[in-house]
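Chemist: I would like to see how this sequence folds:
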Amino acid sequence: MELEDLPIFELVDKDAIDELKRYGKIKSFFKGSVPLTSEDTIKYFYIILEGRLKVSEINMDTSKEQTINILVAGDMFDVIPLLDGKPHEVLTSALDNGKFLEIPIDIVKDLLMKNTSFNKIFFPYLAKTMRHLENLVVDLSLFDTSTRLMRLLLRNLDLKNPPKLKIINDLSHEEIANLIGTVRHVVNRHIQDLKKDGVLDVKRKRLTINNINSLLAKLQPK
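Modeler: Numbers count the residues shown, from 1 in each chain. This is a model prediction of the structure:
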């Protein structure tokens, strides 16, 4: 996919698109690889063109992993070093084969200073990122694992093609566990419970929501 084909970049003017493409390099990443390091994001800014890229942190003492986000086509990484110039100590891993555009970070900083159309997509994207992190903190702090899973399912409902899920539909139970701060066997138990209740279906390791109303009802305070 080309940069200008990404929906988020429809509002960006041709001059900005041309500058990003002129200085950027398209690079491939492969499923299971570690495409980016914290040091990379001090020098470059990345726009995902294809595939999914997981961003996480790991406690080296316990080996427990917490997934912070899963980036897909149109996502930008990493806004934190772009704004503060400091390393962001996170890990990346590729969930699929894919591609990203690697742009020298100074080029992106210059666009932020001079290009209004780029600002109009960047700052809403920054707000979206902050809101995602806020939701993650709230989920981990206030809700049990069953509720966290159901909220994750609801947030990933493909509104254009219900009852299918987007982004997480084919993830392993272990990867889903990393998203909600638990372990694989707990996720497996919750998924089986939702299947028994007719809320969720699993076919060929892909998740779909059978009954959205039942899912919403389960999330209502009792």
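Chemist: tell me what the helix or strand hosting residue 202 is packed against?
Modeler: With the criterion set as DSSP states H and E, the secondary-structure element containing residue 202 is strand 200-203. Of the remaining helices and strands, those touching strand 200-203 by 3 or more CB pairs under 8 Å, 6 or more residues apart in numbering; DSSP states H and E are helix 184-196, strand 206-209. All C-beta spots, glycine's among them, are computed from the backbone N, C-alpha and C.
Chemist: who's residue 50 bridged to?
Modeler: When bridges are assigned using DSSP bridges, the partners listed for residue 50 are residue 99.
Chemist: Show me how the protein divides into domains.
Modeler: The record's domain split for the chain, according to automatic domain parsing, is 3-141, 144-219.
Chemist: and those domains as a markdown table, adding mean neighbour count?
Modeler: Compiled in a markdown table, the domains of the chain are given as follows (neighbours: other CB atoms under 10 Å):
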| stretch | mean neighbour count |
| --- | --- |
| domain 3-141 | 16 |
| domain 144-219 | 16 |
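Chemist: Please render the ones you listed as a markdown table that adds mean pLDDT to the earlier fields.
Modeler: Output for the domains of the chain, formatted as a markdown table (pLDDT from 0 to 100):
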| stretch | mean pLDDT |
| --- | --- |
| domain 3-141 | 95 |
| domain 144-219 | 93 |
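Chemist: ok, what's across the strand from the residue nearest to the spatial centre of the chain?
Modeler: Centroid-nearest residue in the chain: residue 70, 2.4 Å away (criterion: CA atoms, centre = their mean). Note on residue 70: beta-bridge partners residue 54, judged by DSSP bridges.
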